[in-house]
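S.K.: got a sequence here, can you model it:
(one chain, ligands or ions: 1)
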Amino acid sequence: MVRIKFILIALLFSLLSTVRANEIGPATCGKPVMVKGEISHYKNADRYKVANATDNSFYAEEVYGNDFTVTVQSIPKGNYKVEIYMAESFHSSSNKRVFNIYENGLLISDKLDIYAKAGKDTEYRFSSSVKLKNQDLEIRFESVKDMAKFNAVKVLTDKGSVIACVKASELSKTMENPGTGNPIVCNMFTADPSAHVFNGKVYVYTSHDLSNAQGFNMRDYQVFSSSDMKTWHDHGVILDVADVPWAKEYLWAPDCVYKNGIYYFYFPAKSTNGEFKIGVATSTSPTGPFKAEPEPIKGSFSVDPAVFIDTDGKAYMYFGGAGMGGQSTPWVAKLDDTMKQFDGEPRRIVGADYWFEACWMSKIGNTYYLSYSTGSNHPEYPESSAIAYATSDNPMGPFKYQGVVNGYVSGWTNHQSMVEYKGQSYFFYHNADLPGGNTTKRSVCVDYLHVNDDGTLSKVVQTKQGVGTCDGLARIEAENYHESIGAKKKQCSEGGFSVIFNTNNALVFNKVELKDKIATSIRLRVANSAKGEIQIRSNDGKKLGLLKIDKTANGEAWKTVTGTIKPITGTKDIRLVYKGKNSEQLNLNWFEFYGSNKVIKKMIFY
Ligand code: FUB
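M.R.: Predicted coordinates for the structure are as follows:
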C-alpha cells in the first residue's frame, strides 16, 4: 500500500515538474519580492553581458558547481512555475550542470539539466512547474565542475504573475580574498574607490575596469560593503552607461553621499558630443540600483567628482582632471538643496600644488584636507602618480600644500579615499596587483591611515596583508586596531604610533591569526603614569589573562611586560581593556603572543 502511494506521488510529481528549454526574449524583472540571492565562493569571473538580452542592464554571472543559491522566502501554498534564464555554450556530457529546486531543504525538481541546451551568449529560459507548501524555495546550481552563465530567476503563479524575480546583477556575493587582504576585490578589476560609512557598514563605490579594457573605457559602476574590513560583499552593477540617457562612454571615478533618506551617486562620463560632464543618480538604498537624471548637472564639466557634506549640512563638489579632464586646476562648487544642481558658479581651487586629478575631501577636527593625485607633476614622484594633500580652514580654500600621503602604486594612476570606521582611519586606493592587472586593469586596496600629532598625515604603508586580519605570529602594533572604545592614537617616542587608554577604554583586534600555534603568554610594550591593569579578553568578553602594571617614570618611559594567558589558537578576536585610576593613562606601543615551552618547545613565533 505504502509502495503504491509512493509511486502515485512520484507520478504526480513528475507531471508537475515539466521541463522546457526555450530560446526567448529577455527576462525583464519586476521588483524582487522576498528574495535573497547569494553566490558564495565566488571565483575569478567577470560579469558578462548576455548578447540577446534586450534589457541592457542585464548581466550574467559565471557560476560554478555548488556556488550559487537563490532563496525565495515563504511563498504561499500553491502551484508555481520557476523560470531560470541563463546562457552557456561549453558543455561536456560527463559534467552535468543542473539547477535543482528545493523546498525547505527537500529536492522537489531536479530536471533542469542545462547540458547542451543553451548556446553561448544567448539567453535561454528553462522552466519547471512546482507545487509549494508555504516554505522557503531554494534554487541551487549544482554542477560537478563546470560553470554556467546565470542571468535571472523568476517565480510565477500558475496564472502567470511574477511573484519573485532576481537578476544576476542584483545578487550579493561574499568574497573571501584568497591568501592576502589586498586587493580587497578579486573577482573583477576595480578602481577609483570612494569609501563611506552608511548604516554601520563601509561601502566602497568603484569604477569597473573591463577585462578587455581599451584605455579607460569603463561602462558601469560597482559597490562593495563590509562590516569587518575582511569579508567584502559584492552588490553588483549599480549603474550602467546604457541607463544614463546623456552618457556615451568613459564612466570614470564616482562618489556617493547620503542626505535626507536619499543616496546621491555622482559620476563623470563622456556625453554623446564627446565632452566629459558630471551626472547624478539617486536611490533609496546604498546598493542601488541608482536612477540617473536625464541630463548631466548644469554647468558641470571634466571628471572625478567627490562630494563632501560639512557638519553644517552644506554640500560641496570637488572635481576636475588635468589629463583627458582638460583642466589646469581642480574646481569646487557648492551643491544646492536638491543635491542635483550647483549653487552658483564653480570656483578654481587655489593651493593644490602638483595637482593632476582625483580630488577627495576629508575633515579632521576643524581642518579640511584636500587630497589628490599628482600624475607626474610632483618632482619627487616624476614616474607616475602619488597622492598629495593640502589643508585649509575653509572648505572652499585657499589650501596650503602639505606633502605626499601615498607614494607610487603599481600602475600609473593613483586614486584615494579616506574614511573613519569604529574609531580607526582607513586609506583606500588602487594598484594593478590583481593577476593580469595593469594601468587600465586596476584593483582596490585598503590600508591604515594615521594622523601625526601636528595634524599632518603619516605616509600610508601599503601592504599585502591589508587591514582585515592581524598576524598573530608577529608583533601587532597597537595603532592597527579594528575598533577603539575611547582609546586614542598618538605619535610614539619609540617611533610610529602608540595608543593612549583612560580607564575602561578598550581596543579590539579582529581575526588575530595564530594558525596552528598555541599562545600561552602575551608581551606588551607599555608606559603608564600610575598603577593599573590590562585585561586580555576574547571579543565576547571572556577573560584570557590579566597583567598588573606598575607605574613607569612617565607616559613615555617604556617597558615590556609579560603575562600568561589561557591558551588560544586558530583565529581569535582579541580585546584589550585598561583599568586604572580615573585621571591616569596607559600608553601601549605594541603586543605579541608567545607559546609556553610546555606547549611548544622553545617556541618563538616570529
Ligand atoms: O579611472 C579613470 C581615471 O583614472 C579616474 O577618473 C582617475 O582619477 C584615474 O584614477
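S.K.: mind listing the helices for the protein?
M.R.: Assignment of helices within the chain using DSSP state H yields the ranges 2-16.
S.K.: show me which residues of it sit near the ligand.
M.R.: If contacts are counted using Cβ under 6 Å from any ligand atom, the residues of the chain sitting beside the ligand are 191-192, 207, 216, 252-253, 303-304, 357-358, 413, 415. C-betas here are computed from N, CA, C, even on glycine.
S.K.: in the chain, where is pLDDT below threshold?
M.R.: Along the chain, segments meeting pLDDT under 70 span 1-69, 74, 86-99, 110-124, 134, 141-151, 167-179, 596-606.
S.K.: the domain parsing of it - what is it?
M.R.: The domain map for the chain lists 2-172, 189-448, 470-597, with the assignment taken from automatic domain parsing.
S.K.: distance of residue 502 from residue 582?
M.R.: Remark: distance between residue 502 and residue 582 (Cβ to Cβ, to the nearest Å) = 8 Å.
S.K.: quick one: which of those two has more around it?
M.R.: Neighbour tally, residue 502 and residue 582, criterion other Cβ atoms under 10 Å: the higher count belongs to residue 502, 16 against 8.
S.K.: quick one, phi psi at the nearest residue to the more buried one once chain neighbours are set aside?
M.R.: Excluding the flanking residues, the one nearest residue 502 by Cβ to Cβ, 6 or more residues apart in numbering is residue 585, at 5.8 Å. Its backbone dihedrals place residue 585 at phi -130, psi 150, with angles given as degrees, to the nearest 10.
S.K.: contacting residues for residue 585?
M.R.: The contact partners of residue 585, by Cβ atoms under 8 Å, 6 or more residues apart in numbering, come to 500-502, 528-529, 555.
S.K.: ok, so of those, who is nearest residue 76?
M.R.: For residue 76, the nearest member of these is residue 501. The distance, counting by Cβ to Cβ, is 55.4 Å.
S.K.: the closest one and residue 247, how far apart?
M.R.: 51 Å.
S.K.: next, give phi and psi for residue 414.
M.R.: Dihedral pair for residue 414: phi -150, psi 140, per degrees, to the nearest 10.
S.K.: neighbours around residue 213, how many?
M.R.: By other Cβ under 10 Å, neighbour count at residue 213 equals 16.
S.K.: likewise the one 4 residues further on?
M.R.: By the other Cβ under 10 Å criterion, the neighbourhood of residue 217 contains 15 residues.
S.K.: so who does it touch?
M.R.: With contacts taken as Cβ under 8 Å, 6+ apart, residue 217 has the following neighbours: 210, 249-250.
S.K.: and the buried ones among those, selectable in ChimeraX?
M.R.: Here is the ChimeraX command that selects the buried residues among the contacts of residue 217 (16 or more other Cβ atoms under 10 Å):
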select :210,250
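S.K.: take the contacts of residue 217 and keep only those in strands.
M.R.: Judged by DSSP state E, the contacts of residue 217 include residue 249 as members of strands.
S.K.: in a markdown table: the contacts of residue 217, plus distance to residue 72.
M.R.: A markdown table is the format used below for these (distance: Cβ to Cβ, whole Å):
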| residue | distance to residue 72 |
| --- | --- |
| 210 | 32 |
| 249 | 37 |
| 250 | 38 |
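S.K.: now neighbour count too, for the residues of the chain next to the ligand, in CSV please.
M.R.: Output for the residues of the chain next to the ligand, formatted as CSV (neighbours: other Cβ atoms under 10 Å):
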residue, neighbour count
191, 26
192, 32
207, 27
216, 22
252, 25
253, 32
303, 28
304, 30
357, 27
358, 29
413, 24
415, 30
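S.K.: and residue 440, what does it touch?
M.R.: With contact taken as Cβ under 8 Å, 6+ apart, residue 440 is in contact with 209, 213, 215-216.
S.K.: of these, which is the nearest to the ligand?
M.R.: Each of those was scored against the ligand by Cβ to the nearest ligand atom, and residue 216 proved nearest at 4.3 Å.
S.K.: isn't that closest one up against residue 249?
M.R.: No - with the criterion set as Cβ atoms under 8 Å, residue 216 and residue 249 do not qualify as a contacting pair; they are 9.5 Å apart.
S.K.: picking up where we left off before, which one among the contacts of residue 217 gets closest to the ligand?
M.R.: Using Cβ to the nearest ligand atom, the shortest approach to the ligand within these belongs to residue 250, at 7.7 Å.
S.K.: pretty sure the closest one contacts residue 216?
M.R.: Yes - contact status for residue 250 versus residue 216: in contact at 6.3 Å, counting by Cβ under 8 Å.
S.K.: who touches both of those two?
M.R.: Counting by Cβ under 8 Å, 6+ apart, the common neighbours of residue 250 and residue 216 are residue 324.
S.K.: and residue 378, how far is that from the ligand?
M.R.: Here the distance between residue 378 and the ligand works out to 15 Å (Cβ to the nearest ligand atom, to the nearest Å).
S.K.: which residues does that residue bridge with?
M.R.: In this structure, residue 378 has the following beta-bridge partners (DSSP bridges): residue 381.
S.K.: OK, contacts around it?
M.R.: Residue 378 is in contact with 354, 386, 388, 404, counting by Cβ under 8 Å, 6+ apart.
S.K.: contact partners for residue 252?
M.R.: Taking Cβ under 8 Å, 6+ apart as the definition of contact, the neighbours of residue 252 are 192, 207, 216, 218, 267-269, 276, 303-304, 321.
S.K.: let's see 6 Å
M.R.: For residue 252, the set of contacting residues under the criterion of Cβ atoms under 6 Å, 6 or more residues apart in numbering consists of 268, 303.
S.K.: quick check, residue 263 in contact with residue 288.
M.R.: No - with contact defined as Cβ atoms under 6 Å, residue 263 does not count as touching residue 288 (7.8 Å).
S.K.: how about stretch 529-548: buried residues?
M.R.: Within stretch 529-548, the residues scored as buried using 16+ other Cβ under 10 Å are 529-530, 532, 534-537, 539, 544-545, 547.
S.K.: tell me the most buried of the domains of the chain?
M.R.: Here the criterion is mean neighbour count by mean count of other Cβ atoms under 10 Å, and of the domains of the chain the winner is domain 189-448, at a mean of 20.
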